[in-house]
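**Student:** Please work out how this folds:
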Amino acid sequence: MSTLSVDHLLGIKHLTKDDIHLIFETADHFKQVINRPIKKVPSLRDITIANLFFENSTRTKLSFEIAQKRLSADVINFSAAQSSLKKGETLIDTVNNILSMKVDMVVMRHPKPGAAEFLMRHVDAKIINAGDGAHEHPTQALLDTYSIREKLGSVTGRKVVIVGDILHSRVALSNIFALKLLGAEVMVCGPKSLIPKHIEDLGVIVETNLKKALQWCDVANMLRVQNERMEVSYFPSTREYTQQYGVDKALLDDLDQPIVIMHPGPINRGVEITSDVADSDQAIILDQVENGVAIRMAVTYLLASKIES
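**Tutor:** Presented below is the predicted three-dimensional model:
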């Protein structure tokens, strides 16, 4: 059996093209499994996985948990809100306490960039990064590119625009790495204040005019504005942002060709996209959620196969 070139999933930047193809092929198999009447496989029966979420999460947390249970793993859920971290315990102490309970794998989301890397250096378990600050969110980028492949047949040569708050988005960074690795053309679009300086160095095109960006692309990945990461105001008002960077059905219908609409969630309906766009045939938002389970099963399974017994 083919194996991944990495022992942990910390970020897309550590993966090779072959790694991504292997994850996709494994996800194809698991997607069939989760659509069967009996959705469980006994692949990870003796593996214990701890989900450590130091930041709020709905989709990612549920998706990982369902993926782990479909693989028959034993799952421990940890939420920072109810933990001793509130009493001043450090990250490393929290994790060591959990590991002394003999955990094989840790899935972690943390507000600080590099937290997963730090953990990997100090802890003897496989690590999956479920988002570290505004740095990376690798499983989201994998499920996004997997969804493009499913919808359009291939990612190679496709034109993808990522619209919105690029500056604070870990989804944008991971998606740029994954799309470039798979041979797509990538553009970012948003207010100048929300586009990082020197992002062109990653090989992406920068466009501030939404209509031009949508005319250019095959796929538009709409990001929400991350108000919780903003210490100052980056644009005058939500209303003004929506006027310039919100997508409604009229704008889509006005384009020369139909495009695919994606969104990592949670959606602020009426801000980055309207309800009639989110619920239209062009949107693959719920497909992304379904594919998220298959991708997370694949990643978990492939990393677990590298655990030395």
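
**Student:** buried sites along the longest helix anywhere in the chain?
**Tutor:** Longest helix in the chain by number of residues (criterion: DSSP state H): helix 285-304. By neighbour count with 16 or more other Cβ atoms under 10 Å, helix 285-304 contains the buried residues 285, 287-304. Every C-beta, even on glycine, is put in place using the N, C-alpha and C of the backbone.

**Student:** try stretch 258-266
**Tutor:** For stretch 258-266, burial by neighbour count (16+ other Cβ under 10 Å) applies to Ile259, Val260, Ile261, Met262, His263, Pro264, Gly265.

**Student:** In contact with Val95: list those residues for me.
**Tutor:** Leu52, Val106, Leu119, His122, Val123 (Cβ atoms under 8 Å, 6 or more residues apart in numbering).

**Student:** let's see 10 Å
**Tutor:** Under the criterion of Cβ atoms under 10 Å, 6 or more residues apart in numbering, the contact list for Val95 reads Ala50, Leu52, Phe78, Val103, Val106, Met108, Phe118, Leu119, His122, Val123, Ala125, Ile127.

**Student:** Tell me the secondary structure at it.
**Tutor:** Here Val95 takes the helix state, with states given by DSSP: H, G, I helix; E, B strand; the rest coil.

**Student:** Ser174 now?
**Tutor:** At Ser174 the chain is in helix, as set by three-state DSSP.

**Student:** quick one: what helix or strand has the nearest residue to it once chain neighbours are set aside in it?
**Tutor:** Spatial nearest neighbour of Ser174, chain neighbours left out: Ala141 (3.5 Å); criterion: Cβ to Cβ, 6 or more residues apart in numbering. Element membership of Ala141, judged by DSSP states H and E, is helix 138-152.

**Student:** Quick check: buried residues in that helix?
**Tutor:** Here helix 138-152 shows 138-150 as buried, counting by 16+ other Cβ under 10 Å.

**Student:** Name the nearest of the residues you listed relative to Gly11.
**Tutor:** Pro138 (5.5 Å; Cβ to Cβ).
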